[in-house]
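[1] Here is my input; please provide its structure:
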Amino acid sequence: RSGSGTEESMRKVKGTLHWVSAKHAIEAEVRLYDRLFSVDSPDADKEKDFLDFLNPESLKIVTAYLEPGLKNVQPGDKFQFQRLGYFNVDKESTQDHLVFNRTVTLRDSWGGKE
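    So this is what the prediction gives:
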């Protein structure tokens, strides 16, 4: 909603698109961390080793395309990537190879797991 008071600004929208110009985007490695274990209490089952409950999806590394204004970030800098969560710049990051680590997700996927 634009707040202009026009009929168009009063309509409800289903979503908002956020985009980065492909021509100007910079590439980055993004590390998406999830829970280390696939169950709430990996040591509760005395019949199995806790390592049997390691979550194979606990780390996903993806390529992202970012705003060019992020080219000069420094290790430790923090950002919110819309709809994904909060990220910090990894200490391995360089100006030629940016690396971001997700520190907090905006969605809790644990509640849906059984």
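[2] can you give me the helices in the chain?
    Using DSSP state H, the helices of the chain run over residues 7-10.
[3] roughly how far apart are the residue nearest the centre of it and Pro42?
    In the chain, the residue lying closest to the centroid (CA atoms, centre = their mean) is Leu84, at 4.0 Å. With the distance defined as CB to CB, to the nearest Å, Leu84 ends up 27 Å from Pro42. Backbone N, C-alpha and C define where each C-beta goes, glycine included.
[4] And stretch 52-71, what's buried?
    Using 16 or more other CB atoms under 10 Å as the test for burial, stretch 52-71 gives Phe53, Ala64, Leu66, Leu70.
[5] So which residues make contact with it?
    Identification of contacts with stretch 52-71 by CB atoms under 8 Å, 6 or more residues apart in numbering yields 20, 22, 24-39, 42, 45, 79, 81, 95, 98, 100.
[6] what's the span of stretch 76-92 from first residue to last?
    Terminal residues of stretch 76-92 lie 10 Å apart, using CA to CA, to the nearest Å.
[7] in it, what's buried?
    Buried residues in stretch 76-92, counted by 16+ other CB under 10 Å: Leu84, Gly85, Phe87, Asn88, Val89, Asp90.
[8] The lowest-mean-pLDDT helix or strand in the chain - contacts with which helices or strands?
    Within the chain, no helix or strand scores below helix 7-10, which has a mean of 75 by mean pLDDT, DSSP states H and E. Packing partners of helix 7-10 (3 or more CB pairs under 8 Å, 6 or more residues apart in numbering; DSSP states H and E): none among the helices and strands.
[9] where does this structure dip in pLDDT?
    Residue ranges of the chain with pLDDT under 70: 1-4, 15-17, 107-114.
[10] Could you rerun that using 90?
    The chain contains residues with pLDDT under 90 at 1-22, 34-35, 38-52, 81-84, 105-114.
[11] where along it do the strands fall?
    With DSSP state E, the ranges of strands along the chain come out as 26-33, 59-66, 78-81, 85-89, 98-105.
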